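S.K.: Below are the sequence and a predicted model; questions follow.
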Amino acid sequence: MGNAWFESKVPKIEGWHMARREISKLSSATIKNVTRAGEHKPGLYGDGGGLYLPVGPTGSKSWVFRYKVNRVERAMGLGPYPTVTLADARKKAEHCRRLRADRRDPLAERSEERRVGK
């Protein structure tokens, strides 16, 4: 049976497909162009998979991992750009995604690590 019921109830639309989540949308060149020659483009630039680079009105850039816990949105700072490179931010975001897959809160884990003093 499987999709037969669904296919009979939902009209088929040519060229339509489920959107996949893309990861690694940003490039180093894109990030550098966000603030070039004193020209600032403030906004929230997404790399995919919850990794974002917010750019402030002064051109400040800092990596953030956004996620939800019990329907509450949370944001975990991963460090400033360029101190934390794009590759490093992706590794940190991957670690956070693995914690979320295990139903653990990355912010709580980091707080616990800091409390214990690791």
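M.R.: Right, received. Where do you want to start?
S.K.: Around residue 101, how many other residues sit close by?
M.R.: When counting by other Cβ atoms under 10 Å, one arrives at 8 neighbours for residue 101. C-beta: built from backbone N, CA, C; applies to glycine.
S.K.: Ok, the one 10 residues further on next?
M.R.: Counted with other Cβ under 10 Å, the burial measure for residue 111 works out to 11 neighbours.
S.K.: what about it, which SS state?
M.R.: helix (DSSP: H, G, I helix; E, B strand; the rest coil).
S.K.: now it: how far from residue 80?
M.R.: Separation of residue 111 from residue 80 (Cβ to Cβ, to the nearest Å): 20 Å.
S.K.: Ramachandran angles for residue 61?
M.R.: Main-chain torsions, residue 61, degrees, to the nearest 10: phi -130, psi 130.
S.K.: That one contacts residue 31, correct?
M.R.: Yes: applying Cβ atoms under 8 Å, one finds residue 61 in contact with residue 31, separated by 7.2 Å.
S.K.: Return every residue with contacts to both of the two.
M.R.: 53, 81 (Cβ atoms under 8 Å, 6 or more residues apart in numbering).
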